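Asker: here are the coordinates; sequence isn't available:
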DNA sequence: GTTACATATTTGCCTTGACAAATATAATCC
DNA sequence: GGATTATATTTGTCAAGGCAAATATGTAAC
């Protein structure tokens, strides 16, 4: 009767249109891949997790391992091992907290600060700018605020 | 000179306001956590990855391991092992492809289809509805399309 | 002050996923 | 047809992260 292709199907075939969840997964994994590639292209041997830790250590200043772990959403045990590596690379220092000897005081070394400011921050900026280059400022703000609201809804399921 | 607190600081303290990348990471991990919790609350012993595979197997119908792996963005080796588990749980069947004996024909069993339709799809729907409950239809569409554009920009850095 | 409890870090164990090598089968070139 | 190349799956190896136990230190109750 109708020679047109698939006339009674809705225009979106659910088997190939990603769900919102899948879309978010894909965006995140592209961001991770792109930042790691950008870092590597600058000669930096830094995983995405390590990049996050350096970033937060720079932003927070001296902090405990637990604070850093919360800031980058990483398990405490995993943090210990990442700190081992970053310390071996000479990017940060572990000293005991002055008043609470259970805790550490973690701070970037000069090399760590330099790496962040001269190279790593530029890499991430480049990637995130590229990611958002097709959105104008208003749309970027919308995207951000919508994601904030989604996050809030998920965390307060009431 | 100026007694007001931090008058020359911008209103947002970057050390606590998540970046777009971190926001996306947090949203994704909350979605994963929530869906796994929802599945568990229904008595289903299914990881998020396994949930994705069942979903895609339902959507695609009989498919090869490679097609499924692409659909859920999973490595081929990891797919083999997940298929082992799902087969052991009785949710899917592996048979050889009729014309290409390298490839598999993977399809859900009756139990697999039933699990998806009666339980798992409802779980994910509930979570994704909750996630987006504070966005109206227009905003949901905006969020989706903005993410699509971000993904496209990342994949075509040109 | 001692006991009980809470917190910070480290370590061990386990699962997962990426990557590469191995194997089997197809497709192509000559 | 036989050699070469490409593709599908499986398996081995490794690094990463989650969780729980161990250890050290701090805090509160009594």
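Answerer: Arrived safely, thanks for sending. The structure displayed is predicted, hence computed values, not measured ones. Residues are numbered from 1 along each chain as shown, chains lettered A, B, ... in the order given.
Asker: Against residue B:17, how distant is the nearest residue to residue A:147 once chain neighbours are set aside?
Answerer: Once its chain neighbours are removed from consideration, residue A:147 has its nearest residue in residue B:23; the separation is 4.9 Å (Cβ to Cβ, 6 or more residues apart in numbering or on different chains). Backbone N, C-alpha and C define where each C-beta goes, glycine included. Residue B:23 sits 9 Å away from residue B:17 when distances are taken as Cβ to Cβ, to the nearest Å.
Asker: Also residue A:98?
Answerer: When Cβ to Cβ is applied, the distance between residue A:98 and residue B:17 equals 29 Å.
Asker: neighbour-wise, which of these two wins?
Answerer: residue B:17 (13 against 8; other Cβ atoms under 10 Å in any protein chain shown).
Asker: secondary structure element for that one?
Answerer: Assigned by DSSP states H and E, residue B:17 belongs to neither a helix nor a strand.
Asker: Where does the residue lying closest to residue A:71 once chain neighbours are set aside fall, secondary structure wise?
Answerer: Spatially, and ignoring its direct neighbours in sequence, residue A:71 is nearest to residue A:56 (4.4 Å; Cβ to Cβ, 6+ apart). Using DSSP H and E, residue A:56 sits within helix A:48-60.
Asker: So is the helix or strand following that helix next to DNA strand C?
Answerer: Next helix or strand after helix A:48-60 toward the C-terminus (DSSP H and E): helix A:65-72. Yes: against DNA strand C, helix A:65-72 shows contacts by Cβ under 7 Å from any atom of the strand at A:65, A:66, A:67, A:69.
Asker: Tell me the buried residues in helix A:65-72?
Answerer: The neighbour-count criterion (16 or more other Cβ atoms under 10 Å in any protein chain shown) identifies A:65, A:67, A:68, A:69, A:71, A:72 as the buried residues of helix A:65-72.
Asker: quick one: contacts of it?
Answerer: A:49, A:52-53, A:56-57, A:60, A:63, A:74-76, A:78-80, A:83, A:103-104, A:106 (Cβ atoms under 8 Å, 6 or more residues apart in numbering or on different chains).
Asker: tell me the angle of that helix relative to helix A:48-60?
Answerer: 110 degrees (axes from the mean of the first three to the mean of the last three Cα atoms, to 10 degrees).
Asker: Report the mean per-residue pLDDT for helix A:65-72.
Answerer: Throughout helix A:65-72, pLDDT has a mean value of 97.
Asker: what's the answer for stretch A:49-60, then?
Answerer: 97.
Asker: residues from chain A in reach of DNA strand C?
Answerer: Those residues of chain A that sit near DNA strand C, judged by Cβ under 7 Å from any atom of the strand, are A:64-67, A:69, A:76-77, A:79-81, A:83, A:94, A:97, A:100, A:102-104.
Asker: chain center to stretch A:89-98, what's the gap?
Answerer: Using Cα atoms, centre = their mean, to the nearest Å, we find the averaged C-alpha position of stretch A:89-98 to lie 23 Å away from the chain's own average C-alpha position.
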